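Peer 1: coords please:
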Amino acid sequence: MSYLKYVKNIGLILVILGHYYFCSYVLSEVHDMKNYEPSVNVTIQNEDKSNKESKAKQTESLNTKSLKTNSLKVSDDEKLGAIEIPKINLRRYLYKIDAYQNNVDKNIEVLKSSDMPNISGGNLILAGHNGNTSAGHFKNLHKLVLGDEVIINYNNQNYNYEISKIYDVLKTGSVAIKRDKSKNTITLITCLGSDRQLVVIGYLK
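Peer 2: Numbering: from 1, shown residues only. Down below sits the predicted model:
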């Protein structure tokens, strides 16, 4: 009887420990999501060497390939377009800046200072959550490497960007976007751990 009691006690302890670690994991994911602030200040640093010094101090306040088969069709009034990143099997709708669905806790958020892909020298800035939650659309963003592609569908036209820069910064409430302002750019931002943010820069082909 004492042996059975010992086995039962060990089993109970294992169950309690398992429950504790599961709850800790869930609370950690929720904590990361709550600490992610998409509306941060962004410094746009020009990498065009001809006028790098004069434009590096400018700031902005944050806010020919077709899509693959079974491509997303954008028709609803609130929908702005769609994003596809083949490397990480990501395909999501994007919503207009003032749309209810354009919220990082629901979707990939188009930040307010974004330019649309058809604007010469513009920068489309997208923010998304990391982590294994229903809103963690950028959870695999860290797997991208230079040369990978990001496809944006906007106004029924596809814009193909090539990843040209990947870096991370401390999570301080501001993000420096280092890019060549003469090129049409896409910027993807997400959390990287609890104290850093990942920035992925792509230029239109």
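
Peer 1: which residues touch Tyr154?
Peer 2: Taking C-beta atoms under 8 Å, 6 or more residues apart in numbering, we find Tyr154 in contact with Leu80, Gly81, Met116, Pro117, Asn118. In short, each C-beta sits where N, CA and C put it, glycine included.

Peer 1: Is it correct that the last one is in contact with Asn155?
Peer 2: Yes. Taking contacts as C-beta atoms under 8 Å, Asn118 lies within contact range of Asn155: 7.0 Å.

Peer 1: So which of the contacts of Tyr154 are in strands?
Peer 2: Leu80, Gly81 (DSSP state E).

Peer 1: between the contacts of Tyr154, which is closest to Val150?
Peer 2: Lowest distance from Val150 to the contacts of Tyr154 (C-beta to C-beta) belongs to Pro117, with 10.6 Å.

Peer 1: ok, now how distant is the closest one from Tyr203?
Peer 2: Taking C-beta to C-beta, to the nearest Å as the measure, Pro117 falls 12 Å from Tyr203.

Peer 1: Likewise for Asp77?
Peer 2: 30 Å.

Peer 1: higher neighbour count, the two?
Peer 2: Tyr203 (16 against 6; other C-beta atoms under 10 Å).

Peer 1: low-scoring stretches of this structure, by residue?
Peer 2: The chain contains residues with pLDDT under 70 at 1-75.

Peer 1: all helices in it, in order from the N-terminus.
Peer 2: Listed from the start of the chain, the chain has helices (DSSP state H) covering 2-34, 52-55.

Peer 1: follow-up on the earlier one: what is in contact with Pro117 and Tyr203 at once?
Peer 2: Common contacts of Pro117 and Tyr203, defined by C-beta under 8 Å, 6+ apart, comprise Asn184.

Peer 1: quick one: buried residues of stretch 88-102?
Peer 2: Neighbour counts using 16 or more other C-beta atoms under 10 Å place Ile88, Leu90, Arg91, Arg92, Tyr93, Leu94, Tyr95, Ala99, Asn102 of stretch 88-102 among the buried residues.

Peer 1: ok, the nearest residue to His142 once chain neighbours are set aside - how many residues close by?
Peer 2: Distances taken as C-beta to C-beta, 6 or more residues apart in numbering put Leu198 closest to His142, at 6.1 Å, once the chain neighbours are dropped. When neighbours are counted by other C-beta under 10 Å, Leu198 registers 20.

Peer 1: can you tell me which residues contact Leu198?
Peer 2: Asn130, Leu141, His142, Ile166, Tyr167, Asp168, Ile189, Thr190, Cys191, Leu192.

Peer 1: what two of the residues you listed are the furthest from one another?
Peer 2: Checking the contacts of Leu198 with C-beta to C-beta, the most distant pair is Asn130 and Tyr167, at 15.7 Å.

Peer 1: higher neighbour count, these two?
Peer 2: Shown here are Asn130 and Tyr167; by other C-beta under 10 Å, Asn130 has more neighbours (23 against 11).

Peer 1: Alright, I will stop here.
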